[in-house]
Structure formats: C-alpha cells, structure tokens
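Trainee: Provided below are the primary sequence and the corresponding predicted coordinates.
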Amino acid sequence: MRFLRQSLTGLFLTLLTLALLTMAGQTIREAVQDRMAREARMPAVQERIFSVNVVEARFETVSPVLTAFGQVQSRRMLEIRPAVGGRVMELAPAFVEGGAVTEGQVLLRLDPADAQSALARAENDLTDATAEARDAAQAIQLAREEVAAAEEQAALQERAAARQRDIAARGIGSEAAVELAELSASSARQSILARRQALAQAEARLAQSTTAQTRAEIALAEAERRLEDTVLRARFAGMLSGVTLVEGGLVSANEQLGQLIDPDRLEVAFRVSTGQYLRLLDDAGRLRDLPLRVRLDMFGADMERAGRLSRASAAVAEGQSGRLLYATIADPSGLKPGDFVTVEVQEPPLEQVVRLPGSSMDSSETVLVLGENDRLEVLPVTLMRRQGNDILVRGEALEGREVVVERSPLLGAGIRVSPLRGPDKDDQADAMQTRPDLLELTSERRARLITFVEANDRMPDDVRTRLLTQLQADRVPADVVQRLEQRIGG
C-alpha cells in the first residue's frame, strides 16, 4: 500500500509540473506574439542646448602695439687704444671698470723717454736744416752779385775790343792788340757762363735745403705728436668698460685697453619680421617716427622708458632675417648697455576694428555669432593684428553682434545655445585696475623676500626702495612676489 501511495504521489507531482510548464510556455508565446503585433514607437528627442559666454562686438579705433625684444647699446662708444707702445707710468684713479671720467681727463701716461729723445733729435735736425737753408740763401745772393760783376767786366772788355778795332781801322793800332782785346772779351763772356752755373748750383742748393727743412719740420711735428700720444685723454665724458690694465705693465701700439661709453646716449636695437617692418613705413616708404616704450624687468618691478623709432639697418646680416631697427631712449637713466629689454612700438591707429579674445576665432578666420532663437551662425572675419591674448578683426555685419568667446568642437552653425552675458568690458578693466591681485604674506616669507632685496647690490636704489615699501605693506602685489621668488629660486 505504501508503494502504491508513493507512486501515485510522484505521478501527481509530475503531471502538475508538466501542466505548469505548459502554462508558462503558453504565456511566453502569447507575450511574444503581442510584442510583435505592436507598432514601433520612437522616443521623444530633446535638443541639447549649450551654455556659452558671449561678448558684444563694437567697432573702435585702436592703436596696435608691436612687441619685440632688443638690447640696449650706446650710440657713442670709443675703444681706448694707444698710438705708441711703452711702459705704463701713471694710471688715473678712475681708470677702472665702471669708472666715470670727464672730457679731457688724463687716463694714463706711458714712459716718454724714447719720445723725448726722438723729439730732441728732430729739433736738432730742424736747426741744422734751417742753418743750411740760411747759408744757401746767402750763397745764392753772392752768386747773383758775382754774375752781375762778370757781366760788367764783359761789357768793359767788349768796349775795349771795339776801341781797338776802331784804332786799327784808322791805321794807328796793330792787329795783335785787337786780337788781345777780343780774347779778353771772350774770357769775360766765359766768366759770365761760369758765374751763371754757380748761381744755378746755389739755387739747387737752396731748393734742397728748403726741402730738408720741410722734412725736418714734419719729423719734429711727428716727434711732438708721438710725445703727446704717450698721454691718453678721454675724448668725451663717460664710463669705462673692459679695463684690464695695471700700472707698470707694458702695452703695444694699438692694443685695446678698454672702452669708453657715453651712458647718456643710449639706444635699443631690436629685430622685427619683414611684415611687421612694412607696417611701420609711411606712404613714401620711409620709417615712421613712432613712439615706443622700453621695459626692463628689474626684480619684480618693471622699469619703463619712453623712446622713438630712429632708423633701420641698411642691409640684412648674413644668416639673419627680418629687419633690425634702432630707437632712441629719451631718459636712459637706470639702463646700461647690454640690457635685454622688451620694446613696445605703438603702430599707426586702425579704424573700424573689433577687439575679441583670441579663442573666439578658428584657423579659418571665422567666428560664431548669435542668430535668431539663440542659434549660432558662422561669420567670416579678417584678422588685422594679434595683441597678446586678444585679436583685432574686421568683418561685414559684425558690429553689434554677440560673438562666442570660446570656440569648442561641440559648437557650430545652427546649434542653439544659452548665452552668458558677463559685465561690460570697460567695467571689467576698471575692476582689474581698482582691485589688483594682492597676497597676504607670512612673516617668514616676507622676511625672506626683504632679505633678498636688501642683499642684492645690483639693484638700483630707487627700485630697492620701492620694493621694500611694497613688501612692508599688509598685502603685496602677486606679480612682485612671483618675480622675486623666481630670482631666489623658491
């Protein structure tokens, strides 16, 4: 009985399982059929809207600033080279590196013994030449008197010969007396020729003595100049550089002993590209007389000086490109030859241009502007200048349009955006001027910066005073702190 009961129970469970599986399969089949019988439904798509920063384009007249880097140099520089060699007997106290000298000041003296001996010999030679010229002048005078005396004697002998011939013609005198008188007249004429030859020799002697005297005078002037060359004087007031000479040393002729630099006549030489150079020319092709600023980074405080363009190089140096320009500095105080400076040239003004951030334009020179329903439109522009992170552009229908500040690959024509309009550009500039970046320094950090400034002997006194005043304030400009810590290495 137990076996039968268990068999029936197993059969019942098996049948119940099969019924449940059949019901499940039927349910799945009906669900699949119902799913396949439904119509396809597309989900509702929502347009994506991007938030962008925009600025309003305004036409204005802007004077672009051309930025270049150059080096300060002196317009008046003299190499100190002695014309003669010798031993240094005396050096001026100011004949040192960085020494200040005045015009005409004695810089050094060389041993003048040899020059003085040469001068004495030249004076003696001139004395001898002068005496010889005097003797030659006296000799020529005597020779002329002797010629005149010989001519008088010849005239007397000619008259005597004529008288003898007249007597002989009357039959009173003899032929021998006539011949004797004629011989005497011939001897007198021969004497005239001899005296004239002596006069010619005297004249030649006078010419030679005059030439010798002139040569002696030239030698004397040269000896005096060589004696003067043993003393070197400053041609103009300035400062000395590259001095290596010591007292007692031997120098040779034309040896460079240093340089004399005029610190009040400085200029800056800087190189620009050919395209930038063309923008600085006027209609006649000449370089414009444009103002500029020369800026030198002085340990956290920029030193600025005004200047003007003066000239351009006549030729392009081998291996170089562009153009080398020169500018005069109005007030060169604080600058030294060799300083590496930043030059900012104010170009002629550009009219009807728009100043935009550089990130608003792509490589094809187009910008995105807001259109109807805040949808973007592509507007071509013409790039006029780059000014740091900004650009100056022109474009048709650009004035008054709102331009996207930052381009992104997600942005393009027809995309709807949500514009974010910031404060006015002038208000931002005023806010930046009235609220500069200031830092509150710790006592250790402040003491470290003050110690560095006080220990730096290369810093001008006015710059050091200004920096110490800024560092002792409660809040210090961030750019000053950054530059000083870069010098320290912190």
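Mentor: Noted; the coordinates are in hand. Numbering: from 1, shown residues only.
Trainee: Outline the domain layout of the protein.
Mentor: For the chain, automatic domain parsing gives the domain ranges 76-111+231-260, 114-229, 265-346, 350-425, 436-488.
Trainee: give me the number of residues near the closest residue to residue 57 other than its chain neighbours?
Mentor: Nearest non-adjacent residue to residue 57, counting by Cβ to Cβ, 6 or more residues apart in numbering: residue 354, 4.6 Å away. Yep, even glycine has a C-beta here, placed from its N, CA and C like the rest. Around residue 354 there are 24 other residues, counting by other Cβ atoms under 10 Å.
Trainee: Mind listing the residues bridging to residue 354?
Mentor: Beta bridges link residue 354 to residue 393, judged by DSSP bridges.
Trainee: I'd say it and residue 61 touch.
Mentor: No - between residue 354 and residue 61 there is no contact under Cβ atoms under 8 Å: 11.3 Å.
Trainee: Mind naming the longest strand for this protein?
Mentor: Looking across the chain with DSSP state E, the single longest strand is strand 301-312.
Trainee: after it comes which helix or strand?
Mentor: strand 323-329 (DSSP states H and E).
Trainee: ok, the residue nearest to residue 91 when sequence neighbours are not counted to residue 111 distance?
Mentor: Spatially, and ignoring its direct neighbours in sequence, residue 91 is nearest to residue 247 (4.7 Å; Cβ to Cβ, 6+ apart). Going from residue 247 to residue 111 by Cβ to Cβ, to the nearest Å gives 12 Å.
Trainee: okay, these two: which has more neighbours?
Mentor: Neighbours per residue (other Cβ under 10 Å) separate residue 247 from residue 111, with residue 111 holding more: 15 against 12.
Trainee: isn't that one right next to residue 85, touching?
Mentor: No - assessed by Cβ under 8 Å, residue 111 is found out of contact with residue 85, at 9.8 Å.
Trainee: Helices along the chain, start to end?
Mentor: 2-37, 113-169, 175-229, 274-279, 425-434, 443-455, 461-471, 478-488 (DSSP state H).
Trainee: anything in contact with each of residue 247 and residue 111?
Mentor: Here residue 247 and residue 111 have residue 89 as joint contacts, going by Cβ atoms under 8 Å, 6 or more residues apart in numbering.
Trainee: returning to that earlier point: can you give me the mean pLDDT across the longest strand of the chain?
Mentor: Mean pLDDT, strand 301-312: 86.
Trainee: Contacts for it next, please.
Mentor: So strand 301-312 is contacted by 267-268, 277, 280, 287-296, 323-332, 334-335, 345, 463, 466-467, 480 (Cβ under 8 Å, 6+ apart).
Trainee: so where's the chain shaky on pLDDT?
Mentor: Along the chain, the model assigns pLDDT under 70 to residues 1, 38-45, 171, 173, 178, 298-301, 422-437, 489-490.
Trainee: ok, and the closest non-adjacent residue to residue 133?
Mentor: In space, and not counting its chain neighbours, residue 133 is closest to residue 209: 4.0 Å by Cβ to Cβ, 6+ apart.
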